[in-house]
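*Asks:* A structural model of the following input is requested.
(one chain, ligands or ions: 2)
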Amino acid sequence: MDPTNHNTALASAFAEELARGGLRRAVVSPGSRSTPLAVALWRQPEIEVTVIVDERSAGFFALGAAQASGEPVALLCTSGTALANYHPAVAEADLSALPLIVLSADRPPELRGIGAGQVIDQIKTFGESVRWFCEVGTHDADDSGLLHMRSVACRALARARGEIRPGPVHLNVPFREPLAPIPVEGAVTATDPLALEGREGRPLTAVTRVDLEPTEFVLDEVAGHIGDAIAGVIIAGRQTDPELREPLAHLARASGFPILAEPTSQLRLGPHDRSYVVTTYDTLLRDEHWARNAVPELVLRFGEMPTSKPLREWLAASGADQIVVDPTGGWNEPTNRAAAILRADPTECASGWATRLERSAEGGTGGPLPSRTAGRFVQGASRPAPEAWLRAEASALDAIAAALGEESEISEPGLHAALGRAHADGDLVYTASSMAIRDQETYLGPGEADVMMLCNRGANGIDGLVSSGIGAARASGRPTTIVTGELGFLHDLGGLAALRDVTTPVRIVVIDNDGGGIFHFLPQQTALDGDEFEALFGTPRGVSIERSAALFDLPYTRLESLSDLPAILAAGTGLIEVCTDRQTNVAAHRRITERVLAAVADRS
Ligand SMILES: Cc1ncc(C[n+]2csc(CCOP(=O)(O)OP(=O)(O)O)c2C)c(N)n1
Ligand SMILES: [Mg+2]
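*Replies:* Ligands and ions are numbered 1, 2, ... in the order given. Sure, this is the predicted structure:
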């Protein structure tokens, strides 16, 4: 605790408590009113502070860092409009269940609403998007003031980490003068050692986590359903825990269910058993015949619902029983058809179900499964689903490779397939919304490299991607590849400034089709005339990626051939421009899909 004056005392007690509770990272944007907290965070040895001027970029940097590390990150800004710039990142953190601790400095109540400078209403700025809002209030550095600051820090960490849903919290912290650490004699009047020092080496108030271990009942009951189903699939959407890979592979082997794996499920790329992983479902399910025949009886969903529209439509139309494993307290159920949402640890569920199925198949104790189920499961080969899916996956992968090979120019689908092969062990990949995340889902094949795949798919914004990727690189120390469209890149151009503090390689692949390529896939493209469409949706901006790189003193490369990708990525930090054409992109997508579907139909 820094006793220089009452503000240093309150702010340093607060920062000390955050550090003792496990906070290791803060992102601070400059301003005067926030000085006591900025200095306290900066001087707290366990907390690494990154300073980013633009609060919108700072918010996304913190978001990326939180997603990559799984740990809470604090944000600090001054009073006024600064706070509002956090809103997009707070919205994303809410929907993606990521722990952010937003600290806004404020004027004290007597200076609000009377024409004093740089004051806006900061109360409950983020509405229902935060797990907790606290007007921290103004306090003396007496026993109750210091204990209040320590207690608020403990509570903020607990709420951000999840009770049970992780997410953002917002603490509004008013300060009276002096804002700078100017000595004030006798400012600290506290005498209680707990208020002055807290507890040595641990937080004032430790908060236990909610136990998400699945009950025996959940494990037995669902294992029974799995054993009983004739055809089932596992759907793996965005989740960041690599420890889920092997348990899900185990469950797939034990159940005979294929795993339809979205790239950000971490199941497509990795050293785990990928023998049941299906990556081409987005294309396969575009074939009505295939989609009808593949309808499962039971769907086990882990992570978020994947983006793929064909998959979502297929699920909604299937009438299958869906069991959703969601430990984060969300309502991740856009089909409105799930039979159950389990608030339980996904790795424990997958392992628990797999072992019960194996036990039952071995005949052992007979296990918890009904006898009809156990009998059918022993003849697992009679289940049609996995073989059909896995054969189709093999054909589709061959056909995609062949179809992409026939494209004369670099196509957006071809780029994502090539990136999938070029990512290396230990890499982190942060992919933009718009076409990049969709093409990645459709065209990134399976591979062995141990890669962490992230995105901001809570709110699907095209804002803040550059900053999110750089924050993730900083927090994880992993060589990072950011994959974005050029409008998304332009949106967060200022985010590049944060690279000055990052030594980890950050490669930014900018897919430059000079406009919003995604809109060419929408009915607006045909419903409007060409000029209108270009003005409102195509929106070419003609911004030079090369000169953007020069602005920030970054190396720039234009990709001429997909085979150059591994070498360019290996060269380290820089912008990599990939020029494509919006007008021909839609036709290339259709051509490739048709070829793949024809090849799969021929071979099945
Ligand atoms: C913050 C925000 N503003 C607007 C949108 C709507 N939007 C979705 S995609 C897109 C165009 C993106 O263009 P680009 O980044 O170049 O990617 P492309 O579609 O060309 O792959 C826009 C404006 C959004 N999702 N988020
Ligand atoms: Mg574009």
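*Asks:* so who does the closest residue to ligand 2 within the stretch 151-300 of the chain touch?
*Replies:* As assessed by Cβ to the ion, ligand 2 sits closest to Pro263 within the stretch 151-300 of the chain, at 19.8 Å. C-beta: built from backbone N, CA, C; applies to glycine. Pro263 is in contact with Leu269, Gly420, Thr431, Gln440, Glu441, Leu444, Met453, counting by Cβ atoms under 8 Å, 6 or more residues apart in numbering.
*Asks:* Identify those among the residues you listed that sit within strands.
*Replies:* Here DSSP state E is the test, and those give Thr431, Met453 as lying in strands.
*Asks:* which one among the contacts of Pro263 gets closest to Ile47?
*Replies:* Nearest to Ile47, judged by Cβ to Cβ, of these is Met453 at 28.0 Å.
*Asks:* Thr504: what secondary structure?
*Replies:* The three-state label given to Thr504 by DSSP: H, G, I helix; E, B strand; the rest coil is coil.
*Asks:* Please verify my assumption that it contacts Ala472.
*Replies:* No: under the criterion of Cβ atoms under 8 Å, Thr504 is not in contact with Ala472, lying 9.6 Å apart.
*Asks:* Give the intersection of the neighbour lists for the two.
*Replies:* Counting by Cβ under 8 Å, 6+ apart, the shared contacts of Thr504 and Ala472 are Arg478, Thr480.
*Asks:* more neighbours, these two?
*Replies:* Ala472 (27 against 18; other Cβ atoms under 10 Å).
*Asks:* which bits of the chain sit near ligand 2?
*Replies:* Counting by Cβ under 5 Å from the ion, the chain comes close to ligand 2 at Gly485, Glu486, Asn513, Gly517.
*Asks:* As TSV, these with distance to Cys134, pLDDT and neighbour count would be great.
*Replies:* Shown next, in TSV, are these (distance: Cβ to Cβ, whole Å; pLDDT from 0 to 100; neighbours: other Cβ atoms under 10 Å):
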residue	distance to Cys134	pLDDT	neighbour count
Gly485	38	98	26
Glu486	40	98	25
Asn513	45	97	23
Gly517	43	97	26
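*Asks:* Now the element after the helix or strand of the chain with the lowest mean pLDDT, going C-ward?
*Replies:* When each helix and strand of the chain is scored by mean pLDDT, DSSP states H and E, helix 371-378 comes last, with a mean of 36. Moving toward the C-terminus from helix 371-378, the first helix or strand encountered (DSSP states H and E) is helix 385-405.
*Asks:* what distance separates that following helix from the centre of its chain?
*Replies:* 28 Å (Cα atoms, centre = their mean, to the nearest Å).
*Asks:* tell me what it is packed against?
*Replies:* Contact analysis of helix 385-405 by 3 or more Cβ pairs under 8 Å, 6 or more residues apart in numbering; DSSP states H and E lists strand 232-236, strand 277-278, helix 281-284, helix 412-422, helix 582-603 as its packing neighbours.
*Asks:* so which of the ones you listed comes closest to Val28?
*Replies:* Proximity to Val28 (Cβ to Cβ) singles out helix 412-422 among these, at 33.7 Å.
*Asks:* and the closest one, is it in reach of ligand 1?
*Replies:* No: Helix 412-422 lies out of reach of ligand 1 by Cβ under 6 Å from any ligand atom, never closer than 7.3 Å.
*Asks:* How about residues contacting that helix?
*Replies:* Outside helix 412-422, the residues that touch it by Cβ under 8 Å, 6+ apart are 263, 268-269, 400-401, 404, 407, 429, 435-436, 439-440, 442-445, 447, 481, 483, 509, 511, 513, 517, 559, 562-563, 565-566, 569, 578, 580, 585, 588-589, 592.
*Asks:* That one - what's its average pLDDT?
*Replies:* Here helix 412-422 scores 98 as its mean pLDDT.
*Asks:* can you state the direction angle for that helix and helix 582-603?
*Replies:* On the basis of axes from the mean of the first three to the mean of the last three Cα atoms, to 10 degrees, helix 412-422 is oriented at 70 degrees to helix 582-603.
*Asks:* Flag every buried residue along helix 412-422.
*Replies:* Across helix 412-422, burial judged by 16 or more other Cβ atoms under 10 Å covers Glu412, Pro413, Gly414, Leu415, His416, Ala417, Ala418, Leu419, Gly420, Ala422.
*Asks:* Determine how far that helix lies from the middle of the whole chain.
*Replies:* Helix 412-422 has its C-alpha centroid displaced from the chain centroid by 21 Å (Cα atoms, centre = their mean).
*Asks:* Tell me which residue of the stretch 251-400 of the chain lies closest to ligand 1.
*Replies:* Thr307 (12.5 Å; Cβ to the nearest ligand atom).
*Asks:* Show the contacting residues for that residue.
*Replies:* Applying Cβ under 8 Å, 6+ apart to Thr307 gives the contacts Glu262, Ile437, Arg438, Glu441, Arg457.
*Asks:* List the contacts of whichever residue of the chain sits closest to ligand 1.
*Replies:* Ligand 1 sits closest to Gly485 of the chain, with a gap of 2.2 Å, by Cβ to the nearest ligand atom. By Cβ under 8 Å, 6+ apart, the residues touching Gly485 are Ala432, Ser434, Met435, Ala436, Ile462, Val510, Ile511, Asp512, Asn513, Gly516, Gly517, Ile518.
*Asks:* And the residue of the stretch 401-550 of the chain closest to ligand 2?
*Replies:* The nearest approach of the stretch 401-550 of the chain to ligand 2 comes at Gly485, 3.7 Å away (Cβ to the ion).
*Asks:* Just give the closest residue to that residue, not the sequence neighbours.
*Replies:* Nearest in space to Gly485, with sequence neighbours left out and distances taken as Cβ to Cβ, 6 or more residues apart in numbering, is Ser434 at 4.9 Å.
*Asks:* hmm, back to that, would you mind giving the residues of the chain next to ligand 2 as JSON lines with secondary structure added?
*Replies:* Shown next, in JSON lines, are the residues of the chain next to ligand 2 (three-state DSSP):
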{"residue": "Gly485", "secondary structure": "strand"}
{"residue": "Glu486", "secondary structure": "helix"}
{"residue": "Asn513", "secondary structure": "coil"}
{"residue": "Gly517", "secondary structure": "helix"}
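*Asks:* In the residues you listed, find the pair that's most separated.
*Replies:* Applying Cβ to Cβ across the residues of the chain next to ligand 2, the maximum distance is between Glu486 and Gly517, 9.3 Å.
*Asks:* who in the protein is up against ligand 1?
*Replies:* 433-436, 460-463, 485-488, 511, 513, 516-518.
*Asks:* Which ones among those map onto strands?
*Replies:* Using DSSP E, the residues of the chain next to ligand 1 in strands are Gly485, Ile511.
*Asks:* Helices - which of the residues of the chain next to ligand 1 land there?
*Replies:* Members of the residues of the chain next to ligand 1 lying in helices (criterion: DSSP state H): Met435, Ala436, Glu486, Leu487, Gly488.
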